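Chemist: sequence first, then the predicted structure:
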Amino acid sequence: MGTILFELALTCYFAATIISIVEIFKGSKESSRLTFSITVAGFAIHSAAIIYRYISAGYMPITSMHEASSFFAWCIVLIYFFLEYKYKIGIMGSFILPIVFMMMLSSSMLPRGIKPLGPALQSYWLGIHTALAFLGNAAFAVAFGVGIMYLLQEHYLKSKHLGGLFQKLPSLQVLDEINYRLITIGFPLLTLAIISGVLWAESAWGRFWRWDPKEVWSLITWFIYALILHMRLTAGWRKKRAAILSVIGFIVVLFTFFGVNLLLKSLHSFR
């Protein structure tokens, strides 16, 4: 049953992604509504799949790469819904849903077996730490999409190509505001995730910090987004610079999420 629900969610996200990409070139309000409706259906089915796996496993399903990629995609859609409710920018799905689909596609290719938790993971910190980390990174993922939108819109303005996609994209001011809002959401969540991780490490291993690769790269990610906020507030690094830093920041997030687990030996590697 869980596999069926996951595949149905993947199919919905795939359909929504294709429609959203077509929407970039010749979309309409009807196609935007269709994209959003299919995404809502996919999210509902996806939520059911996560709940079913939680019941089957007996713990929050975020301990394997399959589960983590799936939950990451779920968090990105949640943040996307928040922005869609707040700003009602139909074209935004064209830049966010491909990220969601790629996360789900990667999840579908990974082993799906349920394994018992090791002693260190049998803690209430598991849900707290991971939920904070995934939601924070999801905000950064959406900021990445918004950053791409900003860079495209600025390109159209400079080239004086004011038709087609230019008319569908929000103004640079709105995109810059959304980018800033997302980082002010993601940064505190990542901060709390690191703090909760430190407390969990002390209770599990007797040390607050072990300089594990995942810890190091999480700290690097934290410094990058701290720099973005600091430079924005003190040096006026807004607009294009903020958009570029959002793109770079998410590339580091992806390495921390995938690269560390695939390339480096870490105590935090997914099972």
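Modeler: Alright, I've got the coordinates. Numbers count the residues shown, from 1 in each chain.
Chemist: and Ile185, what is it in contact with?
Modeler: Ile79, Gly136, Ala139 (C-beta atoms under 8 Å, 6 or more residues apart in numbering). C-beta: built from backbone N, CA, C; applies to glycine.
Chemist: how much space separates the closest residue to the last one other than its chain neighbours from Leu34?
Modeler: In space, Ala139 comes closest to Gly186 once its chain neighbours are excluded; the distance is 3.2 Å by C-beta to C-beta, 6 or more residues apart in numbering. When distances are taken as C-beta to C-beta, to the nearest Å, Gly186 and Leu34 turn out to be 29 Å apart.
Chemist: and those two? Which one has more around it.
Modeler: Per other C-beta atoms under 10 Å, whichever of Gly186 and Leu34 has more neighbours is Gly186, with 26 against 17.
Chemist: which strand or helix spans that one?
Modeler: In this structure, Gly186 sits in helix 172-205 according to DSSP states H and E.
Chemist: one more: Phe144?
Modeler: Counting by DSSP H and E, Phe144 is found in helix 125-159.
Chemist: that helix - contacts with which helices or strands?
Modeler: helix 65-87, helix 93-108, helix 165-168, helix 172-205, helix 239-254 (3 or more C-beta pairs under 8 Å, 6 or more residues apart in numbering; DSSP states H and E).
Chemist: I'd guessed Phe166 sits against Met149; true?
Modeler: No. Using C-beta atoms under 8 Å, Phe166 is not in contact with Met149, being 11.1 Å away.
Chemist: more neighbours, the two?
Modeler: Taking neighbours as other C-beta under 10 Å, Phe166 and Met149 compare with Met149 leading, 26 against 15.
Chemist: next up, the contacts around that one.
Modeler: Taking C-beta under 8 Å, 6+ apart, one finds Ile91, Met92, Phe95, Leu169, Pro170, Leu175 in contact with Met149.
Chemist: what's the least confident stretch among the helices and strands packed on helix 125-159?
Modeler: Mean pLDDT values for the helices and strands packed on helix 125-159 show the minimum at helix 165-168, a mean of 77.
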